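Q: Here is a sequence together with a model predicted from it:
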Amino acid sequence: MKLTYRGIEYDHNPPMLEVSESDILCNYRGRSHRYTYVRHVPFPQTQAELTYRGATYQINRHGQRQTVEQNGTKSVFSAFQRKLAELTPLMDERRQLLRESARSHSDSIQRSLEHRITVAREQGNINLLQQLEDEMRQMA
């Protein structure tokens, strides 16, 4: 395609991209449309030795992380993995504590709701009683 910019003519040949049509069917403003996307062309990554917060690691051509041997010992990542393994029982205890507190909280809400229902029955407030019973069904 011949184009001109400020009096200078040039040829513009945009790169042709291979477009694929997916199985995803979209609907936009009442009109059906198939989603299209450009075919993925993988770019090989360069191998690099990187450091993050003192931990040295290496990226291979596929973008995957590999630990680096330092002075005959494993890198800081293996030390981090050991530390994480030590903390796992503590994390399990914390999860259990959170489960117990959530259970205690829901029991407290249940008791409060039951008390409010008995008070609404005693007062004869039918509208409030219906709302509280709906709330009780939602909790169950």
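A: Nice, thanks for sending it over.

Q: Any idea how far the longest helix along the chain is from the middle of the chain?
A: Longest helix of the chain, by residue count under DSSP state H: helix 76-123. Centroid separation between helix 76-123 and its chain, computed with Cα atoms, centre = their mean, to the nearest Å, is 22 Å.

Q: Can you list the helices and strands that it packs against?
A: In terms of contact count using 3 or more Cβ pairs under 8 Å, 6 or more residues apart in numbering; DSSP states H and E, helix 76-123 is assigned the packing partners strand 55-59, helix 126-139. Quick note: C-beta positions are derived from backbone N, CA and C, even for glycine.

Q: what's the angle from it to helix 126-139?
A: Inter-element angle recorded for helix 76-123 and helix 126-139: 150 degrees (by axes from the mean of the first three to the mean of the last three Cα atoms, to 10 degrees).

Q: still on that earlier bit, tell me the most buried of the helices and strands packed on helix 76-123?
A: strand 55-59 (a mean of 15; mean count of other Cβ atoms under 10 Å).

Q: From the contact counts, what lies against that strand?
A: Using 3+ Cβ pairs under 8 Å, 6+ apart: strand 55-59 touches strand 48-52, strand 65-67, helix 76-123.

Q: Tell me which of the ones you listed sits most buried.
A: Ranked by mean neighbour count, these are led by strand 65-67 with a mean of 13 (mean count of other Cβ under 10 Å).

Q: what about residue 30, distance to residue 21?
A: From residue 30 across to residue 21, the span is 21 Å (Cβ to Cβ, to the nearest Å).

Q: Who has more neighbours out of these two?
A: More crowded of residue 30 and residue 21, by other Cβ atoms under 10 Å: residue 21, with 9 against 5.

Q: Return the residues in contact with the more buried one.
A: 34-36 (Cβ atoms under 8 Å, 6 or more residues apart in numbering).

Q: Thank you, goodbye.
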